[in-house]
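# Build me a structure from this.
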Amino acid sequence: MSSMEVDGEKKGEKKDGVVLKKIKIDDNPENEGAFMKLSAHRFRLTSPKSSKESKAKDWEEFMVGVQRFNAVAVYEAVCKEIGNAPDAAILKKMNAEIAAKIAEMDAAIAEAKDLEGDSEVREGMMAKAQILARTDSKEVAVKAYAEAEALPKTTSGQRLDIELNLIRIGMFWSDIPLVDKHVKAAQILVDKGGDWERRNRLKVYEATYLLSIRSFKKAADLFLASISTFTAVELYDYKQFVFYMVISATVALDRKVVRESVIHAPEILAVVDDAPAIKDMMNSLFHCNYADLFKALVDVVAQLHLDQYMAPHAKFFLRQARVVAYTQYLESYHTVSMASMAGTFGISVTFLDSELADLVACGRLSCKVDKVKGVVCSNRPDSKNALYQTTIKQGDALLNRIQKLSRVITI
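All right, here's what the predicted structure looks like:
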């Protein structure tokens, strides 16, 4: 399937007796979603965590997508990264098709400049930028969209569409600074005015970006706000969206919110059965089945290691999920034996002792470990008392400064 369509002369429009070539952007978001999967395949093909069998399957699906979209740039990049020589025949075929398509685009754009208006020229340049985004390097694609945005009479909605395209380019090539730049630019445009469809899509884009930089709380809030309005299938499908939402909510939101907005959400219940690992993780944490939770975490973290956005944070997520579980467990006790706690979590006392010591030392858990008695003493944080003590300290410091100032004024 071509990455865009250009109508032939039979479908062209006539103006002053001249047949105009009609250019149409590929506006099917599922096609863009299929192209974005090439980036996920690329990540797994280069990941040491992926098995040979999985890589063989990924390579087969990757090559189908490469030839579907004539994705020369990512094909050459992957071949270089995994040490394979590119197939010369495939490259020759794809490059010939790209050259013919670009030549056809340029001719149509030139024709539109001479015989039509700004909107037709913009349509042609956007279509050409889309082709370059799928076939050429990141730099070439960014330049093409910049040229389209620089055209006169570009509306805020059109600019926002361009920013969303540039965000996807950054995500495809794992360029976090590029994504950050255009997420901020898109937010400015949305604040000035934007339709609900683009606003909702931007929420998913921003949440995905926040997930990739380990800002799980903000990501979870945006994912939750998009449960019933998700339309960003050009990024990934709804099943993947639910996966990211559950992952971020598990470690960032409190138990009540998770119960009401995630576990009992009908949109989540409709698809979560297709993801048994995150379903088991979510339910076992809520129902305090900690041994089952730790088992589920093994499968979840294995999936995270193969995810292009979450792989760098897989170990952090595992640690944070355990912190959430330990905190939730200790809220029910003032003192509990280490043997009992270790049995509840399905781990050894030695491992529990080592992990609690580490977490307490870095301030992640409010408890004390008494190794002589073999117990864990929970220190429930009292927010009101802590605020009172902070206020007293700040008041004392202020009084001391006032007294020093009064001495200087008296002198």
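
# Pull out the CA atoms of stretch 215-225 and give them to me as PDB.
Only the C-alpha atoms of stretch 215-225 are listed here, as PDB (Å, rounded to 0.1, in the frame of the first residue of the first chain):
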ATOM      1  CA  SER A 215       7.000  11.500  34.900                       C
ATOM      2  CA  PHE A 216       4.500   8.800  35.800                       C
ATOM      3  CA  LYS A 217       2.100  10.900  37.900                       C
ATOM      4  CA  LYS A 218       1.400  13.500  35.200                       C
ATOM      5  CA  ALA A 219       1.300  10.800  32.600                       C
ATOM      6  CA  ALA A 220      -1.300   8.800  34.600                       C
ATOM      7  CA  ASP A 221      -3.500  11.800  35.000                       C
ATOM      8  CA  LEU A 222      -3.500  12.500  31.200                       C
ATOM      9  CA  PHE A 223      -4.100   8.900  30.400                       C
ATOM     10  CA  LEU A 224      -7.000   8.800  32.800                       C
ATOM     11  CA  ALA A 225      -8.400  11.900  31.200                       C
END
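
# Need the residues that contact it.
If you take CB atoms under 8 Å, 6 or more residues apart in numbering as the criterion, stretch 215-225 is touched by 203-204, 206-208, 210-211, 241, 244-245, 247-249, 251-253, 257, 261-262, 320. Backbone N, C-alpha and C define where each C-beta goes, glycine included.

# just stretch 359-375 next, same as before
323, 326-327, 330, 335-339, 353, 356-357, 376-381.

# ok, now with 10 Å
Applying CB atoms under 10 Å, 6 or more residues apart in numbering, the contact partners of stretch 359-375 are 319-320, 322-323, 326-327, 330-331, 333-341, 349, 352-353, 355-358, 376-381.

# Same question for stretch 392-407.
Contacts of stretch 392-407 (CB under 10 Å, 6+ apart): none.

# Please state the offset of it from the chain centre?
Counting by CA atoms, centre = their mean, to the nearest Å, stretch 392-407 is centred 48 Å from the centre of its parent chain.

# hang on, the earlier thing: and the contacts of stretch 215-225, which of them are in helices?
203-204, 206-208, 210-211, 241, 244-245, 247-249, 251-252, 257, 320 (DSSP state H).

# quick one: secondary structure of Ala232?
Following DSSP: H, G, I helix; E, B strand; the rest coil, Ala232 is assigned to coil.

# For the residue nearest to it when sequence neighbours are not counted, which residues are in contact?
Nearest residue to Ala232 in three dimensions, chain neighbours excluded: Val204, at 4.0 Å (CB to CB, 6 or more residues apart in numbering). Residues in contact with Val204 (CB under 10 Å, 6+ apart) are 222-223, 225-226, 229-236, 241, 244-245.

# make it 8 Å
Here Val204 is in contact with 222-223, 226, 230, 232, 235, 241 (criterion: CB under 8 Å, 6+ apart).

# are any of the ones in helices among the contacts of stretch 215-225 buried, and which?
203-204, 206-208, 210-211, 241, 244-245, 247-249, 251-252, 320 (16 or more other CB atoms under 10 Å).

# Relative to Glu120, which of those is nearest.
Val204 (30.8 Å; CB to CB).

# can you pull out the helices in the stretch 101-250 of the chain?
Here the stretch 101-250 of the chain has its helices, by DSSP state H, counting those that start in this stretch, at 118-135, 138-149, 156-172, 176-192, 196-212, 216-225, 238-252.

# Pull out the buried residues from the helix or strand in which Ala96 is found.
Element membership for Ala96 (DSSP states H and E) is helix 88-115. Buried residues in helix 88-115, counting neighbours by 16+ other CB under 10 Å, are found at 94, 98, 101, 105, 108-109, 111-112.

# Format these as TSV; extra columns: distance to Arg198.
TSV is the format used below for the buried residues of helix 88-115 (distance: CB to CB, whole Å):
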residue	distance to Arg198
Met94	32
Ile98	30
Lys101	28
Met105	26
Ala108	27
Ile109	25
Glu111	30
Ala112	25
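
# possible to save these as a markdown table with pLDDT and distance to Leu45?
Output for those, formatted as a markdown table (pLDDT from 0 to 100; distance: CB to CB, whole Å):
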| residue | pLDDT | distance to Leu45 |
| --- | --- | --- |
| Met94 | 97 | 19 |
| Ile98 | 95 | 23 |
| Lys101 | 93 | 27 |
| Met105 | 91 | 31 |
| Ala108 | 89 | 36 |
| Ile109 | 90 | 36 |
| Glu111 | 88 | 41 |
| Ala112 | 86 | 40 |
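
# which one of those residues is nearest Asp307?
Met94 (28.1 Å).

# Would you check that that closest one makes contact with Asn70?
Yes - here Met94 reaches Asn70: they are 4.4 Å apart, a contact under CB atoms under 8 Å.

# Now do Phe317 against Asp87, distance only.
Taking CB to CB, to the nearest Å as the measure, Phe317 falls 38 Å from Asp87.

# what about the two, which has more around it?
Shown here are Phe317 and Asp87; by other CB atoms under 10 Å, Phe317 has more neighbours (20 against 14).

# what helix or strand is that one on?
helix 314-330.

# Also Val369?
strand 367-370.

# ok, now which ones touch the most centrally placed residue in the chain?
The residue lying closest to the centre of the chain (CA atoms, centre = their mean) is Thr208, at 2.3 Å. Taking CB under 8 Å, 6+ apart, we find Thr208 in contact with 171, 219, 235, 244, 309.

# tell me the pLDDT at the nearest residue to Leu352 once chain neighbours are set aside?
Distances taken as CB to CB, 6+ apart place Ala342 nearest to Leu352, at 4.5 Å, with adjacent residues excluded. On pLDDT, Ala342 comes in at 94.

# That'll do, ta.
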